[in-house]
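1. I would like the atomic coordinates for the input below:
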Amino acid sequence: MAKMMGKKEKEEDPENVHGVDDEPTIPQKLEDFFDGKYMQVVMTLITIFALFGDDIRLATFEKKDDPWFFATFILCFLAFLVELVVFSVIKEDYKWSFFFWLDFVATFSIIPDIAWITDPILQLMQLDSASNSAAARAGQATQAGTRAGRIVRLVRLIRLIRIAKLYKYCSKASEEDLEEKLREEAKAAMNAKQAALKRVEASRLGKFLSEQTTRKIIVGVLLMLFVIPLLQVEEEDNSRFFGLRQIFWYGRSGCTDTEALSVHCEQQNGAWITLDGWDFMLFRYTKSSVTPGSDVNRFPLLWLQAPDLRSKGHIEDFESITGIAESGKKQLWRQNPRCATLDPVDCPYRDEELDLVSFTPPECLDREDCDSVASYARFQVQLRVRESAMWSMAVTVFIIILLGTLSMLLSQDTQNLVIAPIEKMVNIVKQLADDPLRRPDVSVSEEETNSKKGKKKGGPQLETSMLEATILKIGGLLQVGFGEAGAEVIGNNMSSGDGELNIMIPGRQISAIFGFLDIRRFTDGTEALKEDVMLFVNMVAKIAHHCVHRWSGSANKNVGDAFLFTWKIGNLLEKTGKKEGGTKQLLPAELANKALISFLKIIVEMRRSTEVRGFEHDPRILGRFGEGFQLRIGYGLHVGWAIEGAIGSDFKIDASYLSPHVNFTERLQEATKMYMVPLLMSEPFYVMLSTKAKDRIRKIDVVKPSVSIDKPIGIYTFDVKEDHIEPSVDAEDFIGEFRTPDDMDDIPKDHIYGAGAEFAFLCDADILKLQQDLPEEFLSLHRRALIQYTEGQWSEAKKLFEECLEIMPHDGPTLALLDFMAERDDEPPEDFPGFRETDYI
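-> Got it, this is the predicted structure:
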């Protein structure tokens, strides 16, 4: 039962194969020894023998074989006693517990099975409580036989407590097999994180309920076995006693010895029965247990001592009796001389297999002058003992099956309806604590099981299933609400079991790419759309979030008309594919390429979406902005450090990033208004990009921001022609996805994806369409003009910029620089450092 009190399982790390554990202590060694597989097998066999050994001895073996059984019972007793003592010392919460007393009773219930111990005790009790008179010894013998029958039944009931020990070993073996299986699964996991998720530990609730269920089942079954016999009326066969009494009185009816039976002899004048009748009476008494219609004597008479009518009523042993059986044949009965005394030492039958019947006249019970007046008859009841032993084994087997079945059924219901759902919920919380941004893994089989439970035969959904679904939803809301920046807050609070909400934890510095998106003229749009503005904003968020998530980014902040996105550098892992099953760390260039691609995809999807077009043609929008309105969004990309953490108080927190680089990203997208382009990028971000991406990017200015960053920085843009994107009805099915041109449909997409994100700038149909018909000479000419501008040759730069306007008349960056030079009469300052200071960024 010590196992059921809960074994402290040692945590195993599948990856810590070279770790050195502390030297185990003596109690730990003892616990490992007794809980070992081989020791469990030995103790199980010992328990089975303790359950059935005594019944097997009585049912199939003779008296001469008893010493071997008694010796084995002593070994069983010692084994149980050692286990009881050791577990009391090394097992926590075992001593004086329910299972301790159950083991205690089961251990000492073996003692009544050992005659070497019980017989001397019973003899001492008889000597202390009995006199030496024949009448007393006769009465005592009869009472001892009755008590022996009751004691045997009681011992057999108490012996059933050992079934609990058998149940313990079987359940322990089953638990160890399950633990070994789960341990192997954990070791086979691909990495430590998967191993931690695969390792299934029995919950405290599961162990407690299992222990309580087993305890109640054991108590209920044993209580039933003890109480039911007390409520039944026992029918005792007294035919042999009354027959012996009749033989006594008829045998002494012709007595002449007044010294022995003076009272009785003086009252009688002659024999009550003829000698032939006397002989017939004796013979029928020897056949008192014969089955009608046969000569089979189930309980043969071994010894008879009574007054003999032929000997004038003197009490003597009947050595032989002759009579005619029902078959008509003459039969002879002979006494068994080895069983012909009150205490037959050499009798080949056990005490349990002998039934002694005695009769003493009531007048002689308290008189010393007739203490020898008593009649005895000893019957051999071995067949009854063997049948009783066989039935006892059948009852034991039935109780084992009953206990196991009840325990299995009740535990199964508890496991399926309570424990398993709760353990799943705990597993979900553990997974959220381990990786707050990862969707908890719920196996398909478990989901199907819960679905069947909740929907079987149209039944109502169980509360546990509802609670599990609620936890999943809460976890999803936490992930959506906190995002990547709040992952540590979620993880710390999920893994804490103290019930306290701890959100004010220190932040941590990270490096990341920041992307900012802002909807232009949002205030006017809100006044026009009213309540429907939420639909409009969520439509924009849906497209933006899909694209960013598709290209390895994370959405962080939603503030009405603006959205902040991040791509963490250095700790982002991406699956390499199902075949490899491993992970790789994204290079900064790959991450920068994906950030740029995601923003370009947002630009494309905004023009492709029929929902966006629907809002642009909404009468309320047209009434506010006029005909030809088109949704404008500014985008900014920058890279730098930031402090990641929770901002706020116990009443409200937001998980976000604090950094001058985040502020610079926001101001960068604001500058798109001045440069009249949808997308701007900083020079640190541009440097991270791959060569194929840089080939499609144009440097438009060098500025020194007034805030956030105190050094000059280059400004870049990706020229786009949004008018080339046509609306599509099925656009929502492929938001942000890679799209190959028509002439590349035959190329497997795995070949394109495997080459890296930079090939999207060469192979993606959307990106190619954004720069379709973009003059190559314009980019070269603008590059020359910008070089002249930064070197202070403004007159030459102005001519080149004007030539750029001849190619692209409405180029925003060119107009912005011409306006700046015009404000200074196209003359650079004497100490012009090659950049300009601006309050706009």
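
2. can you give me the strands for the stretch 501-650 of the chain?
-> Under the criterion DSSP state E, counting those that start in this stretch, strands of the stretch 501-650 of the chain are mapped to 508-519, 554-558, 562-568, 573-575, 583-585, 633-648.

3. show me what contacts Ile633?
-> Contacts for Ile633 (CB atoms under 8 Å, 6 or more residues apart in numbering) come out as Leu517, Asp518, Ile519, Arg520, Val540, Ile602, Ile603, Met606, Pro678. Using the backbone N, CA and C atoms, a C-beta is placed for each residue, glycine as well.

4. go again using 10 Å as the cut-off
-> Taking CB atoms under 10 Å, 6 or more residues apart in numbering as the criterion, Ile633 is in contact with 517-520, 522, 540, 544, 561-563, 599, 602-603, 606, 669, 672, 678-679.

5. Quick one: mark the members of those residues that sit in helices.
-> Using DSSP state H, the subset of the contacts of Ile633 located in helices is Phe522, Val540, Ala544, Phe599, Ile602, Ile603, Met606, Gln669, Thr672.

6. Touching, the last one and Glu666? I think so.
-> No: with the criterion set as CB atoms under 10 Å, Thr672 and Glu666 do not qualify as a contacting pair; they are 11.4 Å apart.

7. what do these two both touch?
-> In terms of CB under 10 Å, 6+ apart, Thr672 and Glu666 are both contacted by the residues Asp518, Gly634, Gly636.

8. Show me the contact partners of the helix or strand hosting Ala760.
-> Ala760 is part of helix 760-763 when elements are defined by DSSP states H and E. Residues from elsewhere that reach helix 760-763 (CB under 10 Å, 6+ apart): 551, 593-594, 596-597, 600-601, 689-697, 718, 738-741, 744, 747, 749, 752-753, 755, 766-768, 771.

9. among those residues, which are in helices?
-> If you go by DSSP H, these have 593-594, 596-597, 600-601, 691-694, 749, 752-753, 766-768 in helices.

10. Mind giving me the PyMOL command for buried ones among these?
-> Entered in PyMOL, the line below selects the buried ones among the ones in helices among the contacts of helix 760-763, by 16 or more other CB atoms under 10 Å:
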select buried, resi 593+594+596+597+600+601+692+693+752+766+767+768
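
11. Can you flag the weakest of the strands of the stretch 501-650 of the chain by average pLDDT?
-> If the strands of the stretch 501-650 of the chain are sorted by mean pLDDT, strand 573-575 sits at the bottom with a mean of 40.

12. Outline the domain layout of the protein.
-> Split into domains by automatic domain parsing, the chain comes to 2-15+23-233+405-415, 239-389, 421-495, 508-735.

13. got a markdown table for those, with distance to Glu827 too?
-> Rendered in a markdown table, the data for those read as follows (distance: least, CB to CB, whole Å):
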| stretch | distance to Glu827 |
| --- | --- |
| domain 2-15+23-233+405-415 | 63 |
| domain 239-389 | 122 |
| domain 421-495 | 48 |
| domain 508-735 | 18 |
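
14. and Thr838, which of those domains is closest to it?
-> When these are ranked by proximity to Thr838, the top entry is domain 508-735, at 5.1 Å, counting by CB to CB.

15. Surely Leu658 and Ala642 touch.
-> Yes: in this structure Leu658 lies within contact range of Ala642 using CB under 10 Å: 6.4 Å.

16. More neighbours: which of the two?
-> Neighbour totals were compared for Leu658 and Ala642, and Ala642 leads with 23 against 13 (other CB atoms under 10 Å).

17. Tell me the spacing between the residue nearest to the more buried one when sequence neighbours are not counted and Val639.
-> Taking CB to CB, 6 or more residues apart in numbering, and ignoring the residues beside it in sequence, Ala642 has Ser659 as its nearest neighbour in space, at 3.4 Å. To Val639, Ser659 is 11 Å away according to CB to CB, to the nearest Å.

18. out of these two, which sits in the busier spot?
-> Neighbours per residue (other CB under 10 Å) separate Ser659 from Val639, with Val639 holding more: 25 against 20.

19. Which strand residues bridge that one?
-> The residues listed as beta-bridge partners of Val639 by DSSP bridges are Ile513.

20. Show the contacting residues for it.
-> Val639 makes contact with 511-515, 567, 569, 588, 591-592, 595, 661, 665, 681-688 under the criterion CB under 10 Å, 6+ apart.

21. pLDDT-wise, which helix or strand of this protein ranks last?
-> The element with the least model confidence among the helices and strands of the chain, by mean pLDDT, DSSP states H and E, is strand 573-575, at a mean of 40.

22. what are the ranges of the strands in the stretch 351-500 of the chain?
-> For the stretch 351-500 of the chain, the strands identified by DSSP E, counting those that start in this stretch occupy 354-359, 375-380, in order along the chain.

23. With mean neighbour count, distance to Phe248 and mean pLDDT added, can I get the ones you listed in a markdown table?
-> Rendered in a markdown table, the data for the strands of the stretch 351-500 of the chain read as follows (neighbours: other CB atoms under 10 Å; distance: least, CB to CB, whole Å; pLDDT from 0 to 100):
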| stretch | mean neighbour count | distance to Phe248 | mean pLDDT |
| --- | --- | --- | --- |
| strand 354-359 | 22 | 5 | 91 |
| strand 375-380 | 24 | 5 | 93 |
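
24. Return the residues in contact with His782.
-> Residues counted as contacts of His782 (CB under 10 Å, 6+ apart) are 698-700, 719, 800-801, 803-804, 807-808, 811, 813-814, 817.

25. Once you drop chain neighbours, what's closest to Leu591?
-> Of all residues not flanking Leu591 in the chain, Trp567 sits nearest, at 5.1 Å (CB to CB, 6+ apart).

26. List the contacts of that neighbour.
-> The contact partners of Trp567, taken as CB under 10 Å, 6+ apart, are 484, 512-515, 548, 551-554, 586, 588, 591-592, 594-595, 598, 637, 639.

27. what pairs with it across the strands?
-> Assigned bridge partners for Trp567, using DSSP bridges, are Ile513.

28. again, but for Asp355
-> The residues that Asp355 bridges to, once DSSP bridges is applied, are Phe379.

29. starting at the chain centroid, how far to stretch 66-84?
-> Centre-to-centre, stretch 66-84 and its host chain are 38 Å apart (CA atoms, centre = their mean, to the nearest Å).

30. how about the CA coordinates for stretch 34-42, as CSV?
-> Extracted in CSV, the C-alpha atoms of stretch 34-42 (Å, rounded to 0.1, in the frame of the first residue of the first chain):
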residue,chain,number,x,y,z
PHE,A,34,11.6,-3.0,-2.6
ASP,A,35,10.1,-1.1,-5.6
GLY,A,36,12.2,-3.0,-8.0
LYS,A,37,10.6,-5.2,-10.7
TYR,A,38,12.1,-8.5,-9.4
MET,A,39,11.1,-7.7,-5.8
GLN,A,40,7.6,-6.9,-6.9
VAL,A,41,7.3,-10.3,-8.6
VAL,A,42,8.6,-12.1,-5.5
